[in-house]
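> this is a predicted model, with the sequence first.
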Amino acid sequence: MDYIDRKIIGLLAEDARRSLADIGAAVSLSASAVNERIRRLVAAGAIKRFTVDADAEVLGFPVLVYIFVALAPDAQESEFRHFAAAHPSVCECHHVTGAWSYLLKVRLPAIGDIEEFLQLLKGRGFLGRSETIIALSSAVDRPFSGGVFS
């Protein structure tokens with residue numbers, strides 16, 4: 001993967017509907033050359049999917065919380081991972097180092113729903129302890145763009 005591949009990924013991360021000709025103009029390649037590079041990047045797994053970046057607030061989920069989770073001693077880690085992957089409010093789930101087992105990024109409709117979400121984790125037997133951080137605002141919120149620096 002070279003600089004041009006990274007630049008193409010960055011341009012697609014900004015707007016996945018951008019035309020091949022537009023991308024080609026930005027990286028000094030023909031549309032067919034850009035198409036071939038994108039095909040190779042997808043085949044190599046560098047591009048996992050083309051998606052929509054929806055506005056959670058407009059969709060009715062203005063509350064963004066990060067929840068550090070220490071699994072209960074008898075919790076089944078695979079069941080917790082399956083729960084996190086299947087729950088529609090969980091945007092991200094990361095296995096982390098240190099005092100916590102996981103870090104969840106969760107979007108909810110209202111502040112009161114945080115307690116309900118934590119009760120759900122407790123009720124399923126996953127939660128040993130937790131720490132919840134409410135995001136007041138987001139200074140930067142963008143998809144990973146391949147690490148291209150201008």
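Arrived safely, thanks for sending. Being a predicted model, the structure only gives us computed values, none of them experimental.
> ok, and the closest non-adjacent residue to the residue of the chain positioned farthest from its centre?
Distance from the centre of the chain peaks at residue 30, with 31.3 Å (C-alpha atoms, centre = their mean). Distances taken as C-beta to C-beta, 6 or more residues apart in numbering place residue 24 nearest to residue 30, at 5.6 Å, with adjacent residues excluded. C-betas here are computed from N, CA, C, even on glycine.
> and that neighbour, how many neighbours does it have?
The burial count assigned to residue 24 is 18, neighbours taken as other C-beta atoms under 10 Å.
> so it, which state does it fall into?
helix (DSSP: H, G, I helix; E, B strand; the rest coil).
> from memory it sits against residue 31, does it?
Yes - under the criterion of C-beta atoms under 8 Å, residue 24 makes contact with residue 31 at 4.9 Å.
> how about the residue most central in space within the chain, phi and psi?
In the chain, the centroid-proximal residue (C-alpha atoms, centre = their mean) is residue 92; its distance is 5.3 Å. Main-chain torsions, residue 92, degrees, to the nearest 10: phi -150, psi 150.
> was I right about it contacting residue 85?
No - assessed by C-beta under 8 Å, residue 92 is found out of contact with residue 85, at 10.5 Å.
> for the lowest-mean-pLDDT helix or strand in the chain, enumerate the helices and strands it packs against.
Within the chain, no helix or strand scores below helix 3-14, which has a mean of 91 by mean pLDDT, DSSP states H and E. In terms of contact count using 3 or more C-beta pairs under 8 Å, 6 or more residues apart in numbering; DSSP states H and E, helix 3-14 is assigned the packing partners helix 20-27, helix 31-44.
> chain center to the shortest one, what's the gap?
In terms of C-alpha atoms, centre = their mean, to the nearest Å, the gap separating the centre of helix 20-27 from the centre of its chain is 26 Å.
> which elements pack onto it?
Using 3+ C-beta pairs under 8 Å, 6+ apart, helix 20-27 sits against helix 3-14, helix 31-44.
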